[in-house]
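Trainee: sequence first, predicted coordinates after that:
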Amino acid sequence: MSAPSASSASSSSSASKDAPGVTEREARRVAEAAREQDWHKPSFAKELFLGRFRLDLIHPHPMPPPDDVRRGEAFLARLREFCETRIDAARIEREARIPDEVINGLKELGALGMKIDPKYGGLGLTQVYYNKALALVGSANPAIGALLSAHQSIGVPQPLKLFGSQEQKDAFLPRLARSDISAFLLTEPDVGSDPARLATSAVPDGPDHYVLDGVKLWTTNGVIADLLVVMARVPESEGHRGGITAFVVEADSPGITVENRNAFMGLRGLENGVTRFHRVRVPAANRIGPEGAGLRIALTTLNTGRLSLPAMCVGAGKWCLKIARQWSSRREQWGRPVARHEAVGAKISFIAATTFALEAVVDLASQMADEDRNDIRIEAALAKLYGSEMGCLMADELVQIRGGRGFETADSLAARGERAVPAEQLLRDLRINRIFEGSTEIMHLLIAREAVDAHLKVAGDIIDPDKPLSAKARAGANAAGFYARWLPGLVTGPGQLPGTYAEFNPAGHPDLSAHLRYVERSARKLARATFYAMSRWQGRMETKQGFLGRIVDIGAELFAMSAACVRAELLRSSGEHGREAYRLADVFCHQSRVRTEELFTRLWSNTDDLDRRLVDGVLSGAYTWLEEGVVDPSGEGPWIADTAPGPSVRDDVRRTIR
């Protein structure tokens, strides 16, 4: 299995005339080259996919230093006051814009520099408290959370922190900590998660400059940004290795035009646009890292940057639980509160248990990122995948609990004298999280690639059609040795011993040790299924995206169960709502086990082959008769806008914060 290409995971269209024409194999090669190839630190999730339940990597739960806690809590208190007194969420939704005074207030608060080192004027918060801050401000208005996240999680500060020169840090980080908003520009109208087709160019112009030409789409913060991190392709030439390269670009540079402020079904305050570059000169000193390192920089930045989205989903879950509790205890049907009816109660139980588990996942992954003792690339990706899916489900269940009032807008509720609860807005706002920073389908493939990395290291040459017989023979010998050691460990384990993990079975509490034994057994079962699938499909494994998605989803459930149990024990041992935490973890694990068993069944009993054949018929036009009897309200125009290089013919809609 090679690194996945986006074209094989999502609907495709005719290639833009400006995007490089690449084969599927070339696209996979580019994506594979950008991966971090080695594992220098342990990874709980990686071991989980290999059938090894390394509880010692997450238990006892890692804890932040007291000084970090004091600084973090002090900032959260200031941020909470700001959210309660300075943010009018209804106005943002109504006007589809975050007011200048709110953005300036965030600057004064230091919110732009939450993750920037204090020596550059930032707050230097840990990942844990940065995520708590995003959950808090995102609950006030998700568009504000998206603004701060795009600025710090994937915008200019994080790539500079990881890969920037000292001169670049000195020049840009003080601005980014206090005054300047940043944006990350990778996506193009015909290029999403398939970077091999990136069309924006950066042509060397003498020894000291590059010239940028191209169009970038869905530039979150791009409409108001002061600094941009731009991914562009440098052509290979004498003295230039070329490849996708990262640049810091001043947003007011001559030749940059924000051609459109995009509008979406949710996040109405999002300053997201289309940005055109025409003959934009960028100093070579603004290049981040060497030529050709841009995609690696982007992927490494996302390793922890992805944690911001599930953090805001945690905030959404907490709000869903609050509203569900208050409403369902007040609303009566058939002589009792609706919460006492089992059908509604099950939804409340799901929201409560899932919120607890999701917070456990995010806090655990964030603390592991702060300690930097573990490689969390899989954990962060699983958190993003799981959080975005579960966040949408929780919001949908809240709308259902609220009934017709859940479908009604907050303004309409207020107009007729009821509490303005924006449940339908939350559902719209959260929907993008399943697409942002890697769609669910792409995340499945990226995580699956990492999950089978150990197998490909020893047996990849066997299934690689480009490798000669001599390489396949060597790989066969290496694989035989690896599997002779690995496979016996998948037969039995601690999960089969009744007394294992006894510290998770304290008197008077639900028994979480049974759930951890289930996780251990299931991890071995998952690894056996993966090995069998690789043996069965070999080089065709990468085409079995339904199977791979279920493998990843099982891993996500096992990770969430583990995190929930570890968090419950942490709270019990510290005397903070331990009994309640154990109950939440127990219920979540029971719910998760039901989902996990269904996923295991669907590994081998599914409609994947039937679906594939039906899709072939749909694409060939065999079922166009089924489309008859309706009208298409879509407007005219191409499926993908023209992105030919050249000067802009549209007005610049870039907005300056006053």
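Mentor: Nice, I can see it.
Trainee: give me the element the residue most central in space within the chain is part of.
Mentor: Nearest residue to the geometric centre of the chain (Cα atoms, centre = their mean): K384, 3.6 Å. Element membership of K384, judged by DSSP states H and E, is helix 377-402.
Trainee: which residues belonging to that helix are considered buried?
Mentor: Judged by neighbour count using 16 or more other Cβ atoms under 10 Å, the buried positions of helix 377-402 are 377-399, 401-402. No exception for glycine: its C-beta is placed from N, CA and C like everyone else's.
Trainee: what's the average pLDDT for it?
Mentor: Helix 377-402 shows a mean pLDDT of 97.
Trainee: can you spell out which helices and strands pack onto the very next helix or strand once past that helix?
Mentor: Next in sequence after helix 377-402, counting helices and strands by DSSP H and E, comes helix 404-407. On a contact count with 3 or more Cβ pairs under 8 Å, 6 or more residues apart in numbering; DSSP states H and E, helix 404-407 meets helix 377-402, helix 423-430.
Trainee: how does it look with 10 Å?
Mentor: Counting contacts by 3 or more Cβ pairs under 10 Å, 6 or more residues apart in numbering; DSSP states H and E, helix 404-407 is packed against helix 308-330, helix 377-402, helix 423-430.
Trainee: can you put the ones you listed in CSV and add distance to R287?
Mentor: Converted to CSV, the helices and strands packed on helix 404-407 look like this (distance: least, Cβ to Cβ, whole Å):
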stretch, distance to R287
helix 308-330, 26
helix 377-402, 25
helix 423-430, 36
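Trainee: and K41, which of the ones you listed is closest to it?
Mentor: Closest to K41 of those is helix 377-402 (Cβ to Cβ; 10.0 Å).
Trainee: mind checking how far that closest one is from the chain centre?
Mentor: 11 Å (Cα atoms, centre = their mean, to the nearest Å).
Trainee: that helix to helix 423-430, inter-axis angle?
Mentor: Orientation note: helix 377-402 sits at an angle of 160 degrees relative to helix 423-430 (axes from the mean of the first three to the mean of the last three Cα atoms, to 10 degrees).
Trainee: which helices and strands sit right next to helix 377-402?
Mentor: Taking 3+ Cβ pairs under 10 Å, 6+ apart as contact, the helices and strands that helix 377-402 lies on are helix 44-49, helix 294-305, helix 308-330, helix 342-371, helix 404-407, helix 423-430, helix 440-451, helix 545-573.
Trainee: nearest to H61, out of those helices?
Mentor: Once those are compared by Cβ to Cβ, helix 545-573 is nearest, at 4.1 Å.
Trainee: what's the spacing between the residue lying closest to R97 once chain neighbours are set aside and P99?
Mentor: Nearest residue to R97, sequence neighbours excluded (Cβ to Cβ, 6 or more residues apart in numbering): G269, at 5.8 Å. From G269 across to P99, the span is 9 Å (Cβ to Cβ, to the nearest Å).
Trainee: quick one: which of these two has more around it?
Mentor: Comparing G269 with P99 by neighbour count (other Cβ atoms under 10 Å), the higher total belongs to G269, at 23 against 16.
Trainee: wait, that one sits on L147?
Mentor: Yes - checked against Cβ atoms under 10 Å, the pair G269 and L147 is within contact range at 7.9 Å.
Trainee: what residues are shared contacts of those two?
Mentor: Between them, G269 and L147 have I98, V102, N141 as joint contacts when contacts are counted by Cβ atoms under 10 Å, 6 or more residues apart in numbering.
Trainee: now the last one, nearest residue through space, not along the chain?
Mentor: What that stands for is N141. Once flanking residues are discounted, N141 sits nearest to A89: 4.4 Å by Cβ to Cβ, 6+ apart.
Trainee: nearest to E359 among the helices and strands packed on helix 404-407 would be which one?
Mentor: When these are compared for distance to E359 using Cβ to Cβ, the nearest one is helix 308-330, at 4.8 Å.
Trainee: show me what the closest one is packed against.
Mentor: Packed next to helix 308-330, using 3+ Cβ pairs under 10 Å, 6+ apart, are helix 127-140, helix 142-149, strand 336-337, helix 342-371, helix 377-402, helix 404-407, helix 423-430.
Trainee: is it possible to export these to TSV including distance to E108?
Mentor: As requested, those are exported to TSV (distance: least, Cβ to Cβ, whole Å):
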stretch	distance to E108
helix 127-140	14
helix 142-149	14
strand 336-337	44
helix 342-371	26
helix 377-402	30
helix 404-407	36
helix 423-430	26
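Trainee: can you tell which of the ones you listed is closest to L48?
Mentor: Between L48 and those, the shortest separation by Cβ to Cβ is 8.5 Å, and it involves helix 377-402.
Trainee: tell me what angle the closest one forms with helix 342-371.
Mentor: Helix 377-402 and helix 342-371 meet at an angle of 150 degrees, taking the same axes, to 10 degrees as the criterion.
Trainee: helix 377-402 vs helix 545-573, what angle?
Mentor: Our comparison of helix 377-402 with helix 545-573, counting by the same axes, to 10 degrees, yields an angle of 80 degrees.
Trainee: select from the shared contacts of G269 and L147 the one having the most neighbours.
Mentor: Counting neighbours by other Cβ under 10 Å, N141 comes out on top of these with 26 neighbours.
Trainee: and that residue, what is it in contact with?
Mentor: Going by Cβ under 10 Å, 6+ apart, N141 touches 83, 87-93, 98, 102, 147, 267-269, 422, 425, 429.
Trainee: check the residues you listed for burial and list the buried ones.
Mentor: Burial of those was assessed by neighbour count (16+ other Cβ under 10 Å); the buried members are 83, 87, 89-90, 92-93, 98, 102, 147, 267-269, 422, 425, 429.
Trainee: which one of the residues you listed sits closest to F559?
Mentor: Checking the buried ones among the contacts of N141 against F559 with Cβ to Cβ, the nearest one is D429 at 25.5 Å.
Trainee: separation between the closest one and G406?
Mentor: Computed as Cβ to Cβ, the D429 to G406 distance reads 14 Å.
Trainee: again with A533
Mentor: Distance, A533 to G406, by Cβ to Cβ: 41 Å.
Trainee: phi, psi of the residue of the chain most remote from its centre?
Mentor: No residue in the chain has its C-alpha farther from the mean C-alpha position than G335, which lies at 43.7 Å (Cα atoms, centre = their mean). For G335, the backbone dihedrals (degrees, to the nearest 10) come out as phi 90, psi 0.
Trainee: for it, give me the pLDDT.
Mentor: Among the per-residue scores, G335 shows a pLDDT of 72.
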